[in-house]
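Q: next one to model:
(one chain, ligands or ions: 2)
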Amino acid sequence: MSSTAHKEKIAVLGAGSWGTTFAKVLADAAAGDAEGAPGQIVLWARRPEVADEISQRHTNTTYLDQLTLPELITATDQLSAAVSGAGVVVLALPAQSLRDHLPEVRQALAPGAVVVSLIKGLERGTHLRMSEVIAAELGVADDHIAVLSGPNLAMEIAREEPTASVVACRDAAVAERIAGLCSARYFRPYTNTDVTGVEIAGIVKNVIALAVGMCDGQQLGDNSKASVITRGLAETTRLAVALGGRLETLSGLAGLGDLVATCASPLSRNRSAGRLLGQGYSPEETAQQMTQTAEGIKSAGAVLELAHQHQVEMPITEAVVAVLTGKLAVENIATLLLARELKAEREGLTHDR
Ligand SMILES: NC(=O)C1=CN([C@@H]2O[C@H](COP(=O)(O)OP(=O)(O)OC[C@H]3O[C@@H](n4cnc5c(N)ncnc54)[C@H](O)[C@@H]3O)[C@@H](O)[C@H]2O)C=CC1
Ligand SMILES: O=C(CO)COP(=O)(O)O
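A: Ligands and ions are numbered 1, 2, ... in the order given. The predicted structure follows:
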């Protein structure tokens with residue numbers, strides 16, 4: 001019998017930049033932890049040629065250049081084969097396509113499996129967070145659904161540059177178990193039970209990064225961008241708190257940490273998309289130029305609708321949506337991004353203002 005035969009299998013669905021990188025984190029964590037380590041890490045790639053490349057050459061050149069992946073990682077283009085028998089199923093697909101795949105996941109899901117979302121988007125039409133979509137489609141209880149979010153630019157992590165992150169689950173013991181599975185030399189997960197706050201932080205920072213990118217494209221300086229980041233955090237906090245999230249989550253790694261990383265980094269797809277918009281490309285031209293997922297483009301409208309439902313003011317999100325829908329010329333964004341009636345700085349951090 002192989003020494004790994006009794007060990008857990010982890011499935012990672014989505015072999016894009018983050019799914020592949022996170023599989024590497026899990027494998028590197030396993031290499032440093034002989035006891036509780038998984039015996040198999042199986043990536044599901046939609047395209048068979050990507051799955052073949054990962055299994056045979058241990059690379060995923062479409063997303064991670066020539067980086068060599070640990071041999072513990074294998075890949076398949078058969079979703080049910082990836083999910084079947086896995087004790088942990090990690091989801092790293094674009095937000096708007098997740099629901100389409102969940103019926104097949106449900107068919108193959110092992111009883112008691114924990115489902116972990118890495119996704120930073122809000123579903124259009126329903127305004128549901130990914131943990132809510134997962135609960136509805138898989139019929140899994142909240143204490144078996146976790147989310148992971150933080151300042152986690154995939155390419156930096158793939159190069160093993162150290163970072164921290166947050167694993168949130170309503171059940172603290174489940175969050176700790178998932179944190180244990182992904183705790184690697186260069187990846188430090190903290191735990192939290194505030195799933196709503198962690199998810200909202202990850203979703204809205206993409207919209208704020210679009211705004212910062214627009215400022216960049218308009219050649220505005222660091223004062224403007226720092227102002228947008230800071231007021232962006234304030235409006236994200238208002239929404240999170242209105243939905244039941246905790247204030248302190250937003251000043252942590254999943255909130256401030258991820259916002260700063262995304263808005264500052266040339267690696268961010270959302271900031272890059274915003275920059276193109278700021279340079280005057282149309283939303284359609286911008287979408288054509290993006291080869292990877294920039295969730296903020298699709299989530300922004302849904303975030304604004306959710307905010308309206310809860311009477312939360314989100315002026316930066318509103319300005320981003322106005323540019324994306326062609327209602328605002330990007331040259332006018334600078335004044336609108338920070339346009340609100342005069343008030344004290346601390347006012348407006350919670351939804352009842
Ligand atoms: N790349 C990063 O640095 C990070 C990304 N995330 C989040 O992870 C999620 C996934 O993003 P990435 O891996 O970066 O995106 P990506 O664009 O690099 O890869 C997306 C993957 O999903 C697949 N895909 C696209 N449409 C699909 C569909 N309709 N059905 C099934 N598969 C489909 C693609 O083939 C690809 O394998 C997003 O929500 C993103 O916000 C979170 C943290 C870091
Ligand atoms: O979520 C991320 C960093 O934490 C990645 O940001 P982008 O999707 O903008 O590249």
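Q: need the residues of the stretch 1-150 of the chain near ligand 1, please.
A: 14-19, 46, 63, 92-95, 97, 118-121 (CB under 6 Å from any ligand atom). No exception for glycine: its C-beta is placed from N, CA and C like everyone else's.
Q: generate a ChimeraX selection restricted to the buried entries among these.
A: Command for ChimeraX that selects the buried part of these, burial taken from 16 or more other CB atoms under 10 Å:
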select :14,15,16,17,18,19,63,92,93,94,95,118,119,120,121
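Q: neighbours of the residue of the stretch 51-200 of the chain at minimum distance from ligand 2, how many?
A: Across the stretch 51-200 of the chain, no residue is closer to ligand 2 than residue 152, which sits at 4.2 Å (CB to the nearest ligand atom). Neighbour count for residue 152, taken as other CB atoms under 10 Å: 26.
Q: now do it, the pLDDT please.
A: Residue 152 is assigned 98 on the pLDDT scale.
Q: so in the protein, which helix runs the longest?
A: Determined from DSSP state H, the single longest helix within the chain is helix 195-217.
Q: got the contact list for the most centrally placed residue in the chain?
A: In the chain, the C-alpha nearest the mean C-alpha coordinate belongs to residue 120, at 3.0 Å (CA atoms, centre = their mean). Residue 120 makes contact with 95, 149, 199, 202-203, 205-206, 295, according to CB atoms under 8 Å, 6 or more residues apart in numbering.
Q: show me the contacts for the closest residue to ligand 1 within the stretch 1-150 of the chain.
A: Using CB to the nearest ligand atom, residue 16 is the residue of the stretch 1-150 of the chain that sits closest to ligand 1, at 1.7 Å. By CB under 8 Å, 6+ apart, residue 16 lies in contact with 63, 92-93, 292-293.
Q: apply 7 Å and report the result again.
A: Neighbouring residues of residue 16 by CB atoms under 7 Å, 6 or more residues apart in numbering: 63, 92, 292-293.
Q: with residue 96 instead?
A: So residue 96 contacts 121, 123-124, 298 (CB under 7 Å, 6+ apart).
Q: list only buried entries from the residues you listed.
A: Neighbour-count burial (16+ other CB under 10 Å) is assigned, among the contacts of residue 96, to 121, 123, 298.
Q: pull the most distant pair out of the contacts of residue 16.
A: 92 and 292 (12.2 Å; CB to CB).
Q: which among the contacts of residue 120 gets closest to residue 236?
A: For the contacts of residue 120, the nearest to residue 236 is residue 205 (6.9 Å; CB to CB).
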